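>>> mind looking at a prediction? Sequence and model below.
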Amino acid sequence: MTTSYSITAKQNMRERTIFVSSERVNEEHVALLIHRLRSEDFHVMHSPRNPLDGKDPRWADWYNWDDLDASRLEIEIGQADMFIVGVTAGWDSSTWMMMELSAAVKRRECGELHELLYYTPIMDTPTIPMARRYLTDRLPDDVDAALEAVQSRFAKIDFML
């Protein structure tokens, strides 16, 4: 007696996790990128909503100032295969964004984060030195082309694993 198994492509794929870092996740181009990534079955986590845009309960434990436990920031970024910065007008001046980028850079340097990208259809490359040093891979401005680039990079990650 033979048993046959049918595995769909989606069941055969491992979960593809992306963290989108942005100080304004509700801003149109960032929200659209997050929506489109999710519509293509990526697991997408993102920065908490800017308090100027509304409440987000994740702020309560986003940082951990006593260093005894991992912060929510570290936990969520720690689950990601890919980190995408959704650059907005205030991104360069946000300490909170630099903390997220710093956590991603640490994971990248340890080989735990596969991709560190940025998406900025509304402005040029970020200007602060840390961003210029680590954000060297820009996604295309067009959201469809950006999505294709992300899918292509995940194909390479899946191949390496």
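Yes, it's here. These numbers were taken from a predicted model, which means no experiment stands behind them.

>>> just the strands in this structure please.
17-21, 43-46, 82-86, 115-119, 137-138 (DSSP state E).

>>> show me what the shortest one is packed up against.
Taking 3 or more Cβ pairs under 8 Å, 6 or more residues apart in numbering; DSSP states H and E as contact, the helices and strands that strand 137-138 lies on are strand 115-119. Where you see a C-beta, it was placed from the backbone N, CA and C, and this is true even at glycine.

>>> okay, the angle between the strand it packs on and strand 17-21?
For the pair strand 115-119 and strand 17-21, the angle between their directions (axes from the mean of the first three to the mean of the last three Cα atoms, to 10 degrees) equals 50 degrees.

>>> re earlier: which of the strands of the chain sits most buried?
Per residue and on average, the most neighbours among the strands of the chain fall to strand 82-86, with a mean of 26 (mean count of other Cβ atoms under 10 Å).

>>> what about that strand, average pLDDT?
Strand 82-86 comes out with an average pLDDT of 96.

>>> so which of the strands of the chain comes closest to residue 28?
Proximity to residue 28 (Cβ to Cβ) singles out strand 82-86 among the strands of the chain, at 10.6 Å.

>>> hmm, who's touching that closest one?
With Cβ atoms under 8 Å, 6 or more residues apart in numbering as the test, strand 82-86 has contacts from 16-22, 24-25, 27, 29-30, 33-34, 46, 77, 91, 97, 101, 104, 107-108, 113-120, 126, 131, 135, 139, 150, 153-154, 157.

>>> again, only this time at 6 Å
Counting by Cβ atoms under 6 Å, 6 or more residues apart in numbering, strand 82-86 makes contact with 18-22, 30, 104, 113, 115-119, all of which sit outside it.

>>> same question, stretch 28-43
By Cβ under 6 Å, 6+ apart, the list of residues contacting stretch 28-43 from outside reads 15-18, 20, 22, 44, 46, 86, 119, 121-122, 143, 147.
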